[in-house]
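1. the amino acid sequence is not available; the structure is as follows:
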Ligand SMILES: Nc1ncnc2c1ncn2[C@@H]1O[C@H](COP(=O)(O)OP(=O)(O)OP(=O)(O)O)[C@@H](O)[C@H]1O
Ligand SMILES: [Mg+2]
């Protein structure tokens, strides 16, 4: 029903009821009005207004729902839609709004994909330059310092050794920076090795106990998906180290038909507020990039769990010779721990 007829019908019901009461009810109106009659009429008016307000609220409920969704909708959590059944202006507005959300979500996903890919390319370039330019120069300085300190006499030799030590630490910092900017091990050895090396590094630097649990039958992923998984674990572990006050964190990768699930679970203080900073929003954008779903559950005192469910193609069953019922996936083998 159109909005006009909806409101008209609601008012018609209220006014019709009031008229019927006046016609057939035990109500008379004298001139001049008697006090009891005035009380009854005012009472009737109040009842009519309350009934009208309640019916209007009911009739306009779809618009109220639409306004609520308009104010709370978040393009990083796609799929929030209102049912738009029937015809009329309200259903039309809801349908148009849903279509607008479809378009905005697609545009948002495309533009954030472009930004993320550009940022990754830039990181890669900076890492390459740091490695090739700064890293090489510092290595050359280190070698020269070593030669000079070998040939120098005390106390110059001691000072040169100190400078050598400082240069070596700086070179380590540069290498760490390069690894964080561009997880080269991801390209060379794959996701599991990259996550292993990342968790080992975090454990060494923070004192956290990082437990890894990776299924043995993980599917082969494209480089973009691997990078998203790596970055989500990187941000998850950084958050645990910065905010959680945890003693143990588990990073797991498990595979079921059609889905690869990544989880980072800590036993820290958790958080009640759903305040999301650039880190978590970045995770959501990356999840959108590969069509994955990100879910963060946390409660004060019971830790935080980040789950990323990545859709993966289900391999077509390969019937062995004479065996038409070969299992699609071997049973998972428990992963190793650190
Ligand atoms: N593992 C965790 N345990 C407890 N609180 C957490 C955890 N992870 C995130 N939080 C809370 O969620 C908030 C948002 O995290 P988010 O990563 O988005 O931002 P941030 O870490 O504060 O800053 P950055 O943008 O540098 O990542 C944090 O400020 C923190 O309060
Ligand atoms: Mg963060």
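-> Thanks, I have it. It should be emphasised that the depicted structure is a prediction, and the values quoted were computed from it without experimental measurement. Ligands and ions are numbered 1, 2, ... in the order given.
2. next, count neighbours for the closest residue to residue 30 other than its chain neighbours.
-> Ranked by C-beta to C-beta, 6 or more residues apart in numbering and with sequence neighbours excluded, the top spatial neighbour of residue 30 is residue 37, at 6.3 Å. C-beta coordinates here come from the backbone N, C-alpha and C atoms, glycine included. Using other C-beta atoms under 10 Å, residue 37 has 13 other residues around it.
3. repeat for residue 208
-> A total of 20 residues lie near residue 208 under the criterion other C-beta under 10 Å.
4. nearest spatial neighbour of it, skipping sequence neighbours?
-> Going by C-beta to C-beta, 6+ apart, residue 208 has residue 249 as its nearest residue, at 5.7 Å.
5. and the gap between that neighbour and residue 64?
-> 43 Å (C-beta to C-beta, to the nearest Å).
6. which residue ranges of the stretch 101-250 of the chain form strands?
-> 209-214, 248-256 (DSSP state E, counting those that start in this stretch).
7. tabulate those (TSV), appending mean neighbour count and mean pLDDT.
-> Below are these laid out as TSV (neighbours: other C-beta atoms under 10 Å; pLDDT from 0 to 100):
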stretch	mean neighbour count	mean pLDDT
strand 209-214	18	94
strand 248-256	18	94
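8. any chance of those in JSON lines, plus distance to ligand 1?
-> Listed next are these as JSON lines, based on distance: least, C-beta to the nearest ligand atom, whole Å:
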{"stretch": "strand 209-214", "distance to ligand 1": "13"}
{"stretch": "strand 248-256", "distance to ligand 1": "8"}
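9. and these: which comes nearest residue 105?
-> Of all those, strand 248-256 sits nearest to residue 105, with 26.5 Å by C-beta to C-beta.
10. does anything pack onto the closest one? Which helices or strands?
-> Here strand 248-256 touches helix 191-206, strand 209-214, helix 223-239, strand 259-266, going by 3 or more C-beta pairs under 8 Å, 6 or more residues apart in numbering; DSSP states H and E.
11. what separates that strand from the chain centre, distance-wise?
-> 17 Å (C-alpha atoms, centre = their mean, to the nearest Å).
12. same question for stretch 224-231.
-> Relative to the centre of its chain, stretch 224-231 is centred 14 Å away, using C-alpha atoms, centre = their mean.
13. what do you get for stretch 132-140?
-> For stretch 132-140, the distance to the chain centre is 38 Å (C-alpha atoms, centre = their mean).
14. buried sites along it?
-> Under the neighbour-count criterion of 16 or more other C-beta atoms under 10 Å, stretch 132-140 has 135, 138 buried.
15. what's the answer for stretch 173-180, then?
-> Of the residues in stretch 173-180, 174, 177-179 count as buried by neighbour count, 16+ other C-beta under 10 Å.
16. and what of stretch 236-250?
-> Of the residues in stretch 236-250, 236-237, 239-241, 243-244, 246, 249-250 count as buried by neighbour count, 16+ other C-beta under 10 Å.
17. do the strand or helix carrying residue 309 and ligand 1 meet at all?
-> Assigned by DSSP states H and E, residue 309 belongs to strand 304-311. Yes: judged by C-beta under 6 Å from any ligand atom, strand 304-311 comes into contact with ligand 1 at residue 304.
18. how is the protein divided into domains?
-> 3-72+85-105, 118-181, 189-311 (automatic domain parsing).
19. turn these into CSV, columns for distance to residue 111.
-> Formatted as CSV, those follow (distance: least, C-beta to C-beta, whole Å):
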stretch, distance to residue 111
domain 3-72+85-105, 10
domain 118-181, 11
domain 189-311, 10
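20. nearest to residue 112, of those?
-> Across the domains of the chain, closest to residue 112 is domain 189-311 (C-beta to C-beta), at 4.5 Å.
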